[in-house]
Structure formats: structure tokens, C-alpha cells
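Let me see the structure of the following:
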Amino acid sequence: MRLEGSCQCGAVRFTVDSDNPYPYQHCYCSICRKTQGGSGAAVNLSAKSDTLNIEGEDRITRYHARIRNPGEDEEVSTAERCFCKECGTALWLYDPTWPELLHPFASAIDMELPTPPERTHIMLAFKPAWVPVPAGPDDRTEDHYPSESIADWHKRLNLSG
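As a prediction, this is how the structure comes out:
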């Protein structure tokens, strides 16, 4: 599926191809909460990095988050989060550890995405108490990263394109 996205002010537009377009995984870690500007539930999609086409690339800035886990030394993430310099819209995450992948934020996609039959709420160990988790009866919850990848979730539910 070809995904079409943009920032809020229109300075950046992009397209990218995805075999795993269902927005099912909601993340509640402090990085997603703070960079998305909300109570949590940043939703990443999986796409093929070599298919990314960008208009307005000069308007993009990149951020490598600082990972601060209790009882561990702080480290800088290898993943880069791409944002519009003009309006601050979170566009996608790219990690050179998996160079074939790009993870657009569902919030930056301008087209209808397929509705997932279930959702996975992750990084709940880092969620503040005031943040509700709207988990449905078929949803899964994980305190940290799940062992099931985005691609494996799509395969298990026979949703891969």
C-alpha cells in the first residue's frame, strides 16, 4: 500500500510503500509521549525505506532521543525521529540498525488507514498513572517492547500485503 503523508503546515509531504499498514501498536514511553505532544499512544507503521519520496526535505530536522531507564546509564538512541522544522509535526522514525525499514507515524498519514482487528499497547511500564489505556477486549498489553514484530503481527492476522 502506498502511504501519503504530510506535516500540519504543508511544508513537508511524503510517500512511502508499506506491506504492514495497519496502525495497531500504541506506544506510551516517555519519548513518544513527549515528542508527540500528548498523553501517549504514538502509532508507528512499517514501510520500505527505499521507497520514501519527500517534498520539502530541507524543512526536516532529526532528533536522536535520550533513553533514560531507571537504574541504567542514559544513552542516545540510534533511531532518528524526523520532524517538520516549521510546525513540529512528527513524520517518521528511521533506525540504521534496520536500514530497510522506515516507521511513519500514523498521525502524519493523510489517507484512510485500515482498521486493525486488535491493538497492542506497549511500554506501559513507562506510562504515567493519569494516562488511560483504551484497551479493547481483544487488545494486548505489554510493559515493554513485545516479542511480536510489526510484520509478525500482520502475518498472524493474515493482513500482510
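
need the helix or strand of this structure with the lowest average pLDDT.
strand 42-43 (a mean of 76; mean pLDDT, DSSP states H and E).

Report the rounded mean pLDDT for the helix or strand just after that strand.
Of the helices and strands lying after strand 42-43 in sequence (DSSP states H and E), the nearest is strand 47-48. Strand 47-48 comes out with an average pLDDT of 96.

Give me the contact list for strand 47-48.
The contact list for strand 47-48 (Cβ atoms under 8 Å, 6 or more residues apart in numbering) reads 3, 16, 17, 18, 19, 20, 92, 100, 101, 102, 103, 104. (Each C-beta comes from the backbone N, C-alpha and C, glycine too.)

what's the closest of those to residue 131?
Relative to residue 131, the closest of the contacts of strand 47-48 is residue 103; by Cβ to Cβ it sits at 21.6 Å.

Do a quick rundown of the helices in this protein.
Remark: helices assigned in the chain by DSSP state H are 30-36, 150-156.

tell me the most buried of those?
Mean neighbour count (mean count of other Cβ atoms under 10 Å) peaks for helix 30-36 among the helices of the chain, with a mean of 18.

elements contacting the least confident helix or strand of the chain?
Here strand 42-43 touches strand 25-27, helix 30-36, going by 3 or more Cβ pairs under 8 Å, 6 or more residues apart in numbering; DSSP states H and E.

among these, which gets the worst mean confidence?
Minimum mean pLDDT among the helices and strands packed on strand 42-43: helix 30-36, a mean of 83.

how far away is residue 141 from residue 112?
26 Å (Cβ to Cβ, to the nearest Å).

Show the average pLDDT along stretch 67-82.
86.

what's the span of it, first residue to last?
In stretch 67-82, first residue to last residue: 17 Å (Cα to Cα, to the nearest Å).

Let the chain start at 39 from now.
Sounds good: first residue 39 from here, last item stretch 105-120.

Show me which parts of that stretch are buried, residue by residue.
117, 118, 119, 120 (16 or more other Cβ atoms under 10 Å).
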